[in-house]
Structure formats: C-alpha cells, structure tokens
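Undergrad: return atomic coordinates for the entry below.
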Amino acid sequence: MGTTRAFLAGTAIGAGVMYYFDPRMGNRRRAMADDQIRRLSREASCGCDAGLRDLGNRAQGVLHDFGQLIQHGAWRARQRRGRRAGWSPAARLIAATCGGAMMANCLAKRTPGAILLGTLGFGLIARSMESGSKGIHIQRTIEINAPVEKVYDFFSHPENYPRISDCVANVEIFGDGRFAKDMLIAGVLYRFEERFFRCDRNRVLDSRSEPGSAMHYCKQMGFEDAGDGWTRLHVHFSYHPPGGALGHAFASALGIDPKTILNDLLMRAKFYLETGREPHDAIGRGKAKSKAEERGSDGQTSERSMHGPGAPTDDVLRPGIRETGHPATWPPSSNWLPEPPEPPVPQPASAQFPTPMD
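TA: Predicted coordinates for the structure are as follows:
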C-alpha cells in the first residue's frame, strides 16, 4: 500500500513539474498560476470581510431587538424583504469555516467517522463557494484595427474559429443559427452546442448554449465603430461551471477556464483580422492546407496562397494575394549582388595531321 501511494504521489509531482517547467510554455503557465493564486486569495479575503461585516450587522440587529423586547415587552416584527438567491455572506463564512474544520479533522484522524465528516465538510466548502443562480460573468473589451463589417462577418461565421484557435478542433453548422464546436481542452474533447438568437448586423451578436452542450452559458458581442477603420469589440460571457466556483477555481489554476480560453481567442482573432495571418498552431490551418493540396492535385488552382516574410511559405495565409506563378524565396540570399559572368572556357584546337604523301 505504501509503495503504491508513493508511486502515485511521485507520478503526480512529476507531472506537475513537467507541466509548469515546460521549456516552451512553462513561463506562461507559472505566470498564469501566480495570477490565479493572487486572484483567489483576494476573493477569499473579500469574502471573509463581507462575511464578518454581515455577522456584525446581524449581531447588532439582534441586540437592538433584544433591547426593544426588554423595554416594551414585545419582540419587534421585521418586515421581510424579497427572498435572496443563495446564501448570505455570513452563512457562507460559517459553512466554509465548519467545512474546513471537518476536513482538517479528517486528515488528522483518518477514521471512518472522520472521513464521513470530511466528505460533508468538503460539500459545505463547495456549497459556500457557489456563484449563485446568475453564474460567473466575464467582460472583455478589445480594439481591432479592422472595419466593423469585417469583424462582424468573422465572428458571425463560426467555421472561422478553427482557423485561429488551437483548441477548437471542428465546427458543425446545422442551420437556423445552430452550430456545434468540438474543443480540445487539457487533452479531452468536449462538445459545445450553441445558437444565435439575436443578430443585429455590425452591432450585436447574441448566442446561448443548447441543452446538449457540455456547459450552460450565454454570450453577447457588441461591435462599435471606433473610427479610422478601428472596431471596439465588447464581449460579455456568463456561464455555470461544472462543480460551481470550486470547479472554476480548479480550472483557473490549470489555465483551462473559459476566461483564459476567451482571452486567447480574442487575441488570435485580433492578430488574424489585422494581419491576415493564421497562427501556426491553429488546428484548422492544417486542414485548410490539406484541402488546398487535394485541389491542386486535381489540376485546380487554389484560391488562397501562402505568403509572408519571416515565416515558412506554408506558415502564413493571406486570402487577398493570388499566386503569380513565381513563388518568392525567403529569406533572401545575403549576397544580393549579381554574380559575374563565368569566363569562357577555351576550346582545345583541333589536331593537325600531315597530309599523306603520294
């Protein structure tokens, strides 16, 4: 038992070290983990302060009512307000404190009763961290150096997403505003079904998840013409994560939460719309390339050609450039001067033989 436990612990530690100290993505992952830890600590501090203030206000109310009871001999009837969704800050603080104590007792004793109480404590902590009926909200604003018509056309056609994203593997269009996305998150393929229910051209694009989606969410994109060919894009995304706020915190620590994925998608879309280049790690780029090769093998000329200095020829896509029949080589030769003509090679004179005598 001890050997198995040590093996599992070593495997988990090794996987964590490989994940956070990867030569290519390690710095980014460590920075994201540091940001998430700071955010969670700030939210926990704010939650504790709100819970303590709520407890103090309730205690003052109880003392005031008790004083009225002693002076007038009757308990003051309070007017009930509208029912509040979710627990109050005081109830959340008490539940989290009790749940943490139960889990600490479980780790210390490890008896069947302590394990049962620890499980109950974990449930109390998860319940105290729930975000309520409104879910978790994300708001982002980004400015893109492209006309508002171009930006709207890009986001209103979901089949464009695989061309820029490294996690959107496939998009299926069903018509009537319905489509489905297959997203590769942490090596696992998830299917998200979505529907556009409001499309105000060049202004608003609203969508929400369908019942068969892996997660329930709604999204609103507002398009604002900022002048001089710029577009200001406002994104409001709200969702209900599996496992509540605890599941959201776990996904945030790993960098696979919707907030991180949405930020990455917006930055990739900005880069593509401003430069016309598809990211080299986009999943749909390889598919577009294979289709172009198939069309070329059939004797048809591809409508899209790959260009761009500083990258391989098949690394950049510019839809507005056509093939000229003479593909340029990159990088150019360091010796740009024309080579001198080669001197003529002297031809050996033909051999002269004496004329035979008669």
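Undergrad: in the sheet, who's paired with Arg232?
TA: Glu143, Glu224 (DSSP bridges).
Undergrad: gap between Ile144 and Val171?
TA: For Ile144, the distance to Val171 equals 21 Å [Cβ to Cβ, to the nearest Å]. (Glycine included, C-beta is placed from N, CA and C.)
Undergrad: who's more crowded, these two?
TA: Looking at Ile144 and Val171 with other Cβ atoms under 10 Å, you find the greater number of neighbours at Ile144, namely 23 against 20.
Undergrad: Cys167 versus that one, what's the distance?
TA: Taking Cβ to Cβ as the measure, Ile144 falls 21 Å from Cys167.
Undergrad: quick one: secondary structure of Pro23?
TA: The three-state assignment at Pro23 reads coil, by DSSP: H, G, I helix; E, B strand; the rest coil.
Undergrad: neighbours of it, how many?
TA: The burial count assigned to Pro23 is 6, neighbours taken as other Cβ under 10 Å.
Undergrad: dihedrals phi and psi, Arg198?
TA: Its backbone dihedrals place Arg198 at phi -150, psi 120, with angles given as degrees, to the nearest 10.
Undergrad: quick check: chain neighbours aside, which residue is closest to it?
TA: Taking Cβ to Cβ, 6 or more residues apart in numbering, and ignoring the residues beside it in sequence, Arg198 has Asp206 as its nearest neighbour in space, at 3.8 Å.
Undergrad: do Ala251 as well
TA: For Ala251, the closest residue by Cβ to Cβ, 6+ apart turns out to be Asp257, at 4.1 Å.
Undergrad: for the one you found, phi and psi?
TA: Dihedral angles of Asp257 (phi, psi; degrees, to the nearest 10) stand at phi -80, psi 160.
Undergrad: how many other residues sit next to it?
TA: As a burial measure, Asp257 scores 22 neighbours (other Cβ under 10 Å).
Undergrad: same check on the one 3 residues further on?
TA: By the other Cβ under 10 Å criterion, the neighbourhood of Thr260 contains 16 residues.
Undergrad: find the nearest non-adjacent residue to it, please.
TA: For Thr260, the nearest residue in space outside its immediate sequence neighbours is Met32; the separation is 6.9 Å by Cβ to Cβ, 6+ apart.
Undergrad: can you classify that neighbour by secondary structure?
TA: When the structure is reduced to helix, strand and coil (three-state DSSP), Met32 reads as helix.
Undergrad: measure it to Gly16 for me?
TA: Counting by Cβ to Cβ, the separation of Met32 from Gly16 is 14 Å.
Undergrad: who's more crowded, the two?
TA: Residue environment comparison for Met32 versus Gly16 gives the larger neighbour count to Met32, 18 against 10, counting by other Cβ under 10 Å.
Undergrad: pretty sure the more buried one contacts Ile261?
TA: No. Between Met32 and Ile261 no contact is recorded; they are 11.9 Å apart, counting by Cβ atoms under 8 Å.
Undergrad: in a helix, Asp35, correct?
TA: Yes. Using three-state DSSP, the assignment for Asp35 is a helix.
Undergrad: all numbers from here: first residue = 28
TA: All set: I'll call the first residue 28, so the last point we hit is now Asp62.
Undergrad: centroid residue for this structure?
TA: Averaging the C-alpha coordinates of the chain gives a centre point, and the residue nearest to it by Cα atoms, centre = their mean is Ile288 (0.3 Å).
Undergrad: list the helices and strands the one helix or strand that one maps to packs on?
TA: Here Ile288 sits within helix 285-302, counting by DSSP states H and E. With contacts defined as 3 or more Cβ pairs under 8 Å, 6 or more residues apart in numbering; DSSP states H and E, the secondary structure elements packing on helix 285-302 are strand 163-171, helix 175-182, strand 257-267.
Undergrad: ok, and what's touching it?
TA: Taking contacts as Cβ atoms under 8 Å, 6 or more residues apart in numbering, the residues outside helix 285-302 that touch it are 59, 165, 167, 169, 171-173, 177-178, 181-182, 188, 190-194, 210, 212, 242, 244, 260, 262, 264, 266, 268, 279, 304-306, 309.
Undergrad: repeat that for 6 Å
TA: Residues external to helix 285-302 that are found in contact with it (Cβ atoms under 6 Å, 6 or more residues apart in numbering): 165, 169, 171-173, 191-192, 264, 266, 306.
Undergrad: among these, which two are most distant?
TA: In the contacts of helix 285-302, the most distant members under the criterion Cβ to Cβ are Asn172 and Tyr266, with 29.3 Å between them.
Undergrad: between these two, which is the more surrounded one?
TA: Tyr266 (20 against 13).
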